[in-house]
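In: Predicted model and sequence follow; I will ask about them next.
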Amino acid sequence: MVESPSKCKFTFIFFIIVSLSLGLVSFSLCIVSEIKRNKKEDLRWNGKLCHLPSSPAFGLGIASLVCLALAQSIGNSILFKDCCSGGKRNARFKIPIVVRILLSISWVGFGIAVILLIAATSMSKRQPYGEGWLNSECYLVKKGIYAGSAMLILVTVGTLIGSALLTMKNNKADQGHKIHAQTG
């Protein structure tokens, strides 16, 4: 059974909105994590060993990572799923070069944001005396790491949505140029 073009367009737009919403939630969680991260005043030092309490940024960072991963997965799935073809791959469909560039930027931004979020989030976990974060030393998340991740999330989701919209526009233009042969 082939889906109607209007149902396909609705599905496409619905998944774009879901991906955008998840990206904005991830962005917001990063901004809150930046505000809630451990500060220098939270560091306890007993002369030899350090201690940092757990920060609310730990849970917020994990939630941000999950939302970002979902946004990237959903956004890419709508790009590579040809919902109007009835399950058959359209052999003549080629991804335009602009869309390829935007997808590359999206994946690079996603990768860097994930690395920054994983490192910052793991530093926001409790660092007890004698254990610390790395080599028995305590580490603080530098100011701006979560904010930088938030900016990368905007770039990632923006380029992903842009490539999805360009793909949708390109498919619509391709459908308008089809010539039907006369049979008789």
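Out: Okay, I see it.

In: neighbouring strands for the worst-scoring helix or strand of the chain on mean pLDDT, and are they parallel or not?
Out: Ranked by mean pLDDT, DSSP states H and E, the helix or strand of the chain with the weakest confidence is strand 50-51, at a mean of 76. Its sheet considered, strand 50-51 pairs with strand 44-45 (antiparallel) by DSSP bridges.

In: Let me see the mean pLDDT of the strand it pairs with.
Out: Strand 44-45 shows a mean pLDDT of 79.

In: The spatially most central residue of the chain in helix, strand or coil?
Out: Here the mean C-alpha position of the chain is nearest to the C-alpha of Leu68 (CA atoms, centre = their mean), at a distance of 3.3 Å. Following DSSP: H, G, I helix; E, B strand; the rest coil, we place Leu68 in the helix state.

In: Over to the one 10 residues further on?
Out: Reducing the assignment at Ile78 to three states with three-state DSSP gives helix.

In: Now name the helix or strand holding the residue nearest to it when sequence neighbours are not counted.
Out: Leaving out its chain neighbours, the residue that sits closest to Ile78 by CB to CB, 6 or more residues apart in numbering is Phe15, at 4.3 Å. (C-beta placed from N, C-alpha, C; glycine too.) Using DSSP states H and E, the element containing Phe15 is helix 5-36.

In: tell me the contacts of Val114?
Out: 65, 68-69 (CB atoms under 8 Å, 6 or more residues apart in numbering).

In: now, which of these sits nearest Ser28?
Out: Closest approach between the contacts of Val114 and Ser28, by CB to CB: Leu68, at 11.6 Å.

In: Based on its surroundings, how many neighbours for the closest residue to that closest one other than its chain neighbours?
Out: Excluding the flanking residues, the one nearest Leu68 by CB to CB, 6+ apart is Ser26, at 4.3 Å. If you count neighbours by other CB atoms under 10 Å, Ser26 ends up with 27.
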